[in-house]
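Colleague: I would like the atomic coordinates for the input below:
(chains A and B, ligands or ions: 2)
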Amino acid sequence: MDIMNIPEHIMKRIQELPMVSDVAVRLMDIISTEKHSLQQVIDVIEHDVYLTTRLLRIANSAAFARGQSISTIQRAVVNLGEDLIMGIAVGACSGDVFQKELKGYDGSTGALWRHSLLTAFAAKKISELVVKNPPNSSLAYTAGLLHDIGMAALSEFLEQGSKKLNGVGNDEGGKSYVDVEQELTGTDHTELGYEIAKNWQLPEELLYPIRYHHEPSKAPAEHKEIVYCVHLGDILARCTGFGVGNENLSMHLDSEYVDYFNLNRDHLDMLIVDIQDEFERVRESILGPMENEVVDHKTILIVDDSKTARLVIKRCLEIAGWQDEYFLEAENGIEAIEFLGNHPVDIIFTDLNMPRMGGEQLIKLVKSKPEFQNIPIVAISSLNNAAKTEELKLLGVKTVLGKPVTPMDIVNSIKGM
Amino acid sequence: MNYIYVGIGDYVVSRDSEVVIRTMALGSCVAIIIRDLKTNLVTLGHIALPDSSINARRALEKPASFADTGIHAMLTDLRLAGYSGNGSLEVKLAGGASILDPNNTFNIGKRNLLAIRRCLWQHKLGAIAEHVGGNISRNVSVEVATGKTIIASPGKGSWIL
Ligand SMILES: [Fe+2]
Ligand SMILES: [Fe+2]
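Modeller: Ligands and ions are numbered 1, 2, ... in the order given. Here you go, the predicted structure:
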């Protein structure tokens, strides 16, 4: 193992991370040994009421039950298959490690688990194409499930610098997100993942893919096969569009993979489709309908020539619970109109006195265009008088606020939106 | 508004002005959006791979998995739904992202875009707007009533295409 320099304050947080449950670790142990019986799997599950209930519910969903009612865990295990059970157990029994929102990556609730599941599907399929010393395919699957656990721990330390991550690698020569993590925090999710896996006392074979899935060539020779499986699995999961968050597809492909697999480009191409099909098949049963997963962020346009004033409005909105929305900032009406042409703006906050084009002219322009006229406008005026307010309301402004604005004003102005 | 979700390898044709067609998590896949300005018909397809020769059976079951069969199927259905075939189509593209692949060993996003442009060209079509390439994942939605197309990417905001 090469030397890792994890900063002390981050190392301390790892220790506080919730443990993966006993049930999940025991399932991993059993499933990744070559010879095990169905009964062993059932015995473990039956000791966990929560997992049993959850598995029975999923086994009875339309995708799996095929019209039959499944009342025993035995039948559920057969119907769902060991791998999927492993996936559900890890997702359901690791505190909220896999489910929580990862703000440092702009990852929505459950995004890490979705990415992990797709990586697991792919890693397993690829493991069947290893030329020499093929790893146990259930182990490859489990490694895929766990490869990015470090992201759950690193996220909070990226929050301050996440803007920088946002700008990462939009061109081909771009940096991988692991490099950006190192720049911002002094460590990365593979180092943390390795430490977490050790803490959780996961089987040793799982430590290597967690540590080296972004730099497979550095893995010890006897573990290279499984590490490359997870590396490619991760790449394929990202190709399906299911990364975790704003790191998106910014990771490097190590083209030395060709030495380990009987795998041509057509294989890889088809795998993108196959793993998505497999995911679609289980998604509804496990995650509910797609609609529930779609997070619609609002886009808010703030127009003010003072940077401080824009910041105040933004902060107030964040306090009011709109911290995950997209903010666009314009210095005057002309810039605002430009933004309106390019972004789907949901609400406009505008100052009145600004150079080049003031708020009143902007409001008139917005209200005169059919494509914009329904966007609610909150005007912020320094002349706090009734006549002015009345005038602005006649122009179609929803709310008029006097300066200085308070968080309470802002909260009231967006009520019901 | 009613949302219709388009999965990988699927496509939808609609002229219902209450409908918004959506597709989520485009990585290397590409969304093709074709709108007939005369009839207000809109179709959106979620294309995964460049060429149907890789899997003929799937091409029959889910033609929009591939650029060639997908574009063909979308145009055929537009005609069946009332497009008169006289050059009133507007095409937009989104997606086709790539992982960082300095040796160009895998570049599936780029190959998809190339194949789609070629197929469109064979049908005498070209995109009037694109948000493609790079290494971001994209969600796309199209308002059938207006053709307004919105792209969003995790942590990057949203744009009108
Ligand atoms: Fe990773
Ligand atoms: Fe990953």
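
Colleague: Please make it C-alpha for all contacts and neighbour counts, starting now.
Modeller: Fine.

Colleague: tell me which element the residue nearest the centre of chain B falls in.
Modeller: Residue closest to the average C-alpha location in chain B (C-alpha atoms, centre = their mean): residue B:32, at 1.6 Å. Using DSSP states H and E, residue B:32 falls within strand B:30-36.

Colleague: so for that strand, what's the average pLDDT?
Modeller: For strand B:30-36, mean pLDDT rounds to 97.

Colleague: repeat for stretch A:117-126
Modeller: Here the average pLDDT along stretch A:117-126 is 93.

Colleague: The helix or strand that the strand holding residue B:32 is followed by and chain A, any residue contact?
Modeller: Following strand B:30-36 in sequence order, the next helix or strand is strand B:42-47 (DSSP H and E). No. With C-alpha under 8 Å from any C-alpha of the partner chain as the criterion, chain A is not reached by strand B:42-47; the gap is at least 10.0 Å.

Colleague: elements contacting strand B:42-47?
Modeller: Helices and strands in packing contact with strand B:42-47 are listed as strand B:11-14, strand B:30-36, helix B:67-80; criterion 3 or more C-alpha pairs under 8 Å, 6 or more residues apart in numbering or on different chains; DSSP states H and E.

Colleague: which helices and strands sit right next to the last one?
Modeller: Spelled out, it's helix B:67-80. Other helices and strands packing on helix B:67-80, by 3+ C-alpha pairs under 8 Å, 6+ apart, are strand B:11-14, strand B:42-47, helix B:108-122.

Colleague: where does chain B dip in pLDDT?
Modeller: In the prediction, chain B carries no residues with pLDDT under 70.

Colleague: Any idea which helix or strand in chain A has the lowest mean pLDDT?
Modeller: Here the helix or strand of chain A ranked lowest by mean pLDDT, DSSP states H and E is helix A:162-166, holding a mean of 49.

Colleague: Check the offset of stretch B:90-97 from the chain's centre.
Modeller: In terms of C-alpha atoms, centre = their mean, to the nearest Å, the centre of stretch B:90-97 is set 6 Å apart from its chain centre.

Colleague: Tell me the residues of chain B that contact chain A?
Modeller: So far as C-alpha under 8 Å from any C-alpha goes, chain B lies against chain A at B:5, B:8, B:25-29, B:48-49, B:54, B:97-103, B:105-106, B:108, B:134-138, B:150, B:153-161.

Colleague: Would you show me how to pick out the buried ones of those residues in ChimeraX?
Modeller: With 16 or more other C-alpha atoms under 10 Å in any protein chain shown as the criterion, this ChimeraX line picks the buried residues out of the residues of chain B next to chain A:
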select /B:5,8,25,26,27,28,29,48,49,97,98,99,100,101,106,108,134,135,136,137,138,150,153,154,155,156,157,158,159,160,161
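
Colleague: Among the residues of chain B next to chain A, which ones are in helices?
Modeller: If you go by DSSP state H, the residues of chain B next to chain A have residue B:108 in helices.

Colleague: neighbouring contacts of the helix or strand where residue A:27 lies?
Modeller: In the assignment (DSSP H and E), residue A:27 maps to helix A:22-31. For helix A:22-31, contacts defined as C-alpha atoms under 8 Å, 6 or more residues apart in numbering or on different chains pick out A:36, A:40-41, A:44-45, A:48, A:82, A:86, A:89-90, A:93-94, A:138-139, A:142, A:202-203.

Colleague: Any of those buried? List them.
Modeller: The buried subset of those - by 16+ other C-alpha under 10 Å - is A:41, A:44-45, A:82, A:86, A:89-90, A:93-94, A:138-139, A:142, A:202.

Colleague: ok, and which of those residues reach chain B?
Modeller: Counting by C-alpha under 8 Å from any C-alpha, no member of the buried ones among the contacts of helix A:22-31 reaches chain B.

Colleague: Narrow those residues to those in helices?
Modeller: A:41, A:44, A:45, A:82, A:86, A:89, A:90, A:138, A:139, A:142.

Colleague: so what pLDDT did the fifth one get?
Modeller: So the one you mean is residue A:86. 81.

Colleague: got the contact list for it?
Modeller: A:24, A:27, A:28, A:142.

Colleague: how much space is there between the second one and residue A:38?
Modeller: What that stands for is residue A:27. Relative to residue A:38, residue A:27 is positioned 11 Å away (C-alpha to C-alpha, to the nearest Å).

Colleague: These two - which one has more neighbours?
Modeller: Neighbours per residue (other C-alpha atoms under 10 Å in any protein chain shown) separate residue A:27 from residue A:38, with residue A:27 holding more: 21 against 13.

Colleague: dump the residue contacts of the residue nearest to residue A:336 when sequence neighbours are not counted.
Modeller: Closest residue in space to residue A:336, ignoring its immediate chain neighbours: residue A:330 at 5.3 Å, by C-alpha to C-alpha, 6 or more residues apart in numbering or on different chains. For residue A:330, the contact set (C-alpha under 8 Å, 6+ apart) comprises A:301, A:302, A:303, A:304, A:305, A:336, A:339.

Colleague: Near chain B, which residues of the stretch 251-400 of chain A? Just list them.
Modeller: With C-alpha under 8 Å from any C-alpha as the criterion, the stretch 251-400 of chain A meets chain B at residues A:251-255, A:265-266, A:269-270, A:272-273, A:276-277, A:290, A:299, A:326, A:341-344.

Colleague: and these, which of them are in helices?
Modeller: Going by DSSP H, the helices hold A:265, A:266, A:269, A:270, A:272, A:273, A:276, A:277, A:290, A:341, A:342 from those.

Colleague: so which of these is the most crowded?
Modeller: residue A:272 leads those on contacts (other C-alpha under 10 Å) with 27 neighbours.

Colleague: mean confidence score for stretch A:214-233?
Modeller: Stretch A:214-233 shows a mean pLDDT of 94.
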